[in-house]
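J.: The amino acid sequence is not available; the structure is as follows:
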C-alpha cells in the first residue's frame, strides 16, 4: 500500500512538474537557450507577420520587442556593434590590447502602431536609427547577460502591463525571454530591466517625439487632467521642463502644501 501511494505521488509530481514547466514556457517566464521563435513559437514574436525582414543578429547584440497592453505604439530595438567586424567587450572577459573593440553601437528602432490584441495584420510603422556610446552599450549588454544567467523565474503573474521580449546574443549564442512583470515587482527580472534601460537610453539618445515619456512605454494623445505631472505623451520638448514654469504640472506642485 505504501509503495502504491508512493508511486501515485511520484506520478503526480511528474505531471505537476511538467505542467509547471509548460506554464513557465507559455508565460515566457524563464530564460531560454535560443531565439524567441525556438523557445515558444510565433506566439512570442509580437510582429510575426510584419517582422519577416528582420536581420540576422550577428555574433553579439541585442534585439528587444516592447508591446504595452494599452499603448498606441509598440517598439522593436536592435543593438548592433559598430564598425562591422568589431569585438564587443563583455564584462566577464579580459581586455586585450590587440583586439579591434567596438567604438559605438547602432540602434535600429522600429515604432509600430499597436495591434492591441487584434489579429496580426500589416501595420503602419516608422524606422529610426541612432548611435549608442560604447559605455552605455557595454552596461546594457553586460548587465542583461548577468541577470539572464542568474534568473530562475518570477514569483508573480501580471495579466496586463508591458510585454517585453528580448534576444541577447553573446559570442554567437542566443538566449531569450519574454515577460510582462514590471521592474518594481522584481528588480532582477532581465526582461523588465532591459525594457527600463532601453527606455532611459532612448530618451537620452533617441529621436525626439517618438518615445513615450511614461516608464511603462504607454502613450496616448489624451492626458488625464487629474495627474498633470504624469504626461502620457511622447518625448516632445517641454519648454517649461518638469515642474517648472507655468504649466499644469508646475501649478499642481505649487498648490501643494510644503512638508
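T.: Received the coordinates, thanks. This one's a predicted model, so the numbers in the text were calculated from it and none came from an experiment.
J.: Could you list the low-confidence segments of this structure?
T.: Residue ranges of the chain with pLDDT under 70: 1-28, 42-53, 116-123, 155-159, 221-223, 239-246, 255-256, 258-259.
J.: the strands in it, which residues?
T.: Counting by DSSP state E, the chain has strands at residues 32-33, 61-68, 73-82, 104-113, 125-133, 162-170, 173-179.
J.: Could you dump those into CSV with mean neighbour count and distance to residue 201 added?
T.: In short, each C-beta sits where N, CA and C put it, glycine included. CSV is the format used below for the strands of the chain (neighbours: other CB atoms under 10 Å; distance: least, CB to CB, whole Å):
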stretch, mean neighbour count, distance to residue 201
strand 32-33, 15, 25
strand 61-68, 24, 11
strand 73-82, 22, 9
strand 104-113, 18, 8
strand 125-133, 14, 6
strand 162-170, 24, 14
strand 173-179, 22, 19
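J.: how far away is the residue most central in space within the chain from residue 202?
T.: Closest residue to the average C-alpha location of the chain: residue 195 at 3.2 Å, with CA atoms, centre = their mean. Going from residue 195 to residue 202 by CB to CB, to the nearest Å gives 10 Å.
J.: Near residue 101, how many other residues are there?
T.: 14 (other CB atoms under 10 Å).
J.: In this structure it contacts residue 87, no?
T.: Yes - counting by CB atoms under 8 Å, residue 101 touches residue 87, with 5.3 Å between them.
J.: Does residue 171 touch residue 59 like I think?
T.: Yes - under the criterion of CB under 8 Å, residue 171 makes contact with residue 59 at 6.4 Å.
J.: that older thread, ok, the residue nearest to the centre of the chain touching residue 162?
T.: Yes - using CB under 8 Å, residue 195 is in contact with residue 162, at 6.5 Å.
J.: Overlap of the contact sets of the two?
T.: Both residue 195 and residue 162 are contacted by 66, 217, under the criterion CB atoms under 8 Å, 6 or more residues apart in numbering.
J.: mind listing the helices for the chain?
T.: Applying DSSP state H to the chain gives helices spanning 2-27, 36-40, 134-150, 190-205, 248-254.
J.: Which other helices and strands does the second one contact?
T.: Think helix 36-40. helix 2-27, strand 32-33, strand 173-179 (3 or more CB pairs under 8 Å, 6 or more residues apart in numbering; DSSP states H and E).
J.: chain center to that helix: distance?
T.: 16 Å (CA atoms, centre = their mean, to the nearest Å).
J.: What residues sit buried inside that helix?
T.: 36, 39-40 (16 or more other CB atoms under 10 Å).
J.: From those, pick the one nearest residue 166.
T.: Closest to residue 166 out of these is residue 36 (8.3 Å), distances taken as CB to CB.
J.: Would you check how far apart the closest one and residue 169 are?
T.: According to CB to CB, residue 36 and residue 169 sit 12 Å apart.
J.: related to what we said a few turns ago, can you list the strands of the chain in TSV and add distance to residue 95?
T.: Formatted as TSV, those follow (distance: least, CB to CB, whole Å):
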stretch	distance to residue 95
strand 32-33	27
strand 61-68	20
strand 73-82	16
strand 104-113	17
strand 125-133	17
strand 162-170	16
strand 173-179	21
